[in-house]
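**Q** have a look at this prediction, sequence included:
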Amino acid sequence: MVKRISTRPRLGFCGGGRGLAVHAGARLLADLADGVGLTAALSVAMAGSKQRDRGHGWGRVLVDAAVMVADGGEAISDIDAMAAQPRLFGEVASPSTLWRTLAAAGGRVEHLKEARAQARRAVWAAGADPGFYVIDIDATLVDSHSDKQAAAGTYKGGYGFHPLMAYLDATGECLAAMLRPGNAGSNTASDHIEVLGDALAQIPVDPRDTEVTVRADSAGCTQEFLKECRERGVRFCVGHPLTIDIAQKITDVPDECWQPALSADGTELRDHTAWLQITMCAHDLLAWFRRLALDGDLARAEPKRLRHCLLHTAARLVRTGRQNLCKLSQDWPWTPDLLAAHQRIHNLPLLI
């Protein structure tokens with residue numbers, strides 16, 4: 001018989017706690033979205049889509065959904081964790097309201113894209129402009145364990161989806177994405193061209209005036225896609241199968257001709273495309289949070305670490321001197337980072 005040994009202090013659980021909040025750090029993402037104008041821009045994008053004026057503003061609903069995803073939520077029902085804390089997040093829509101909002105947003109995807117671009121301009125003007133612009137376009141396989149809409153067999157023998165994504169290398173911002181079934185072609189030029197156009201529309205620079213480079217693997221090595229890059233004034237770096245003949249031609253190029261490489265420090269589903277835009281908003285909120293509100297190791301941290309150390313922090317909500325306060329534990333190692341992040345977000349010149 002083995003004797004049970006525990007080095008942890010004995011601890012019981014009980015209810016009745018008051019004024020407590022969990023995921024308190026996620027409130028900073030909501031404040032950031034308001035401050036950079038994302039909430040207002042999404043509200044304009046959704047203007048006129050509601051039959052009744054009362055109830056939740058749909059721009060606010062979409063921002064709350066983006067905060068939920070950035071905080072680690074994966075299903076629409078996860079919005080309940082925010083709705084259960086009105087003192088922390090305010091009044092948050094129910095899952096059914098979020099469903100209706102996404103259904104309406106599916107017909108306004110282009111407006112949602114413009115709202116994201118408008119907020120990005122404000123973020124970059126506030127100091128997040130990286131100064132150099134390298135866009136990485138690549139596809140990824142997403143497995144599906146059930147027969148979901150548009151799921152199909154993949155070239156690797158799996159089953160699921162094959163979305164095409166575009167990220168800004170310097171900041172990690174998700175500029176564009178395209179939902180595609182699992183059997184979508186890897187080197188479909190029309191898909192790469194569409195994603196490139198959407199990505200360029202997201203950054204407030206003109207490739208003809210400012211150097212912009214797009215990188216892709218061999219899937220981007222098509223005549224149509226490279227022609228589009230040239231016509232848009234975009235430099236490109238794509239992969240290519242290396243045959244013996246090509247290798248010989250490369251080695252024959254004189255040394256003086258070489259230049260240093262750039263160093264960097266489909267079934268359309270309307271409600272699904274709207275959810276994709278929200279997911280990209282969530283990704284951008286985390287990227288903007290790192291660049292505008294954090295420093296040191298946290299400014300380079302992956303989302304999982306940000307959630308574990310900052311976003312999921314517990315707090316006590318109190319009211320004193322006509323002011324609502326979120327009191328963080330003095331023993332939590334990342335409390336100083338959260339306090340500094342709060343101060344930086346609320347000191348942004350564009351914060352109203």
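**A** Cool, got the structure.

**Q** so, low pLDDT: which residues of the stretch 251-352 of the chain?
**A** 258-271, 350-352 (pLDDT under 70).

**Q** just the helices in it please.
**A** Per DSSP state H, counting those that start in this stretch, the stretch 251-352 of the chain carries helices over the ranges 270-293, 303-306, 335-346.

**Q** repeat that for the stretch 1-150 of the chain.
**A** For the stretch 1-150 of the chain, the helices defined by DSSP H, counting those that start in this stretch cover 26-35, 38-45, 58-70, 80-83, 86-89, 95-105, 109-123.

**Q** may I see the helices of the stretch 251-352 of the chain organised as a markdown table, with mean neighbour count added?
**A** Backbone N, C-alpha and C define where each C-beta goes, glycine included. Below are the helices of the stretch 251-352 of the chain laid out as a markdown table (neighbours: other C-beta atoms under 10 Å):
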| stretch | mean neighbour count |
| --- | --- |
| helix 270-293 | 22 |
| helix 303-306 | 16 |
| helix 335-346 | 16 |
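
**Q** compare the ones you listed and give me the one nearest T140.
**A** Distance to T140, taken as C-beta to C-beta, is lowest for helix 270-293 among those, at 13.2 Å.

**Q** kindly reformat the helices of the stretch 251-352 of the chain as TSV containing distance to D31.
**A** TSV is the format used below for these (distance: least, C-beta to C-beta, whole Å):
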stretch	distance to D31
helix 270-293	10
helix 303-306	15
helix 335-346	5
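
**Q** let me know which of these is the nearest to G72.
**A** helix 303-306 (7.9 Å).

**Q** output the contacting helices and strands for that closest one.
**A** Judged by 3 or more C-beta pairs under 8 Å, 6 or more residues apart in numbering; DSSP states H and E, helix 303-306 is in contact with helix 270-293.

**Q** could you report the neighbour count for V36?
**A** Other residues lying near V36 total 28 when counted by other C-beta atoms under 10 Å.

**Q** please apply the same query to S329.
**A** Neighbours of S329 using other C-beta under 10 Å come to 12.

**Q** isn't it right up against A314?
**A** Yes. Between S329 and A314 there is a contact under C-beta atoms under 8 Å: 7.3 Å.
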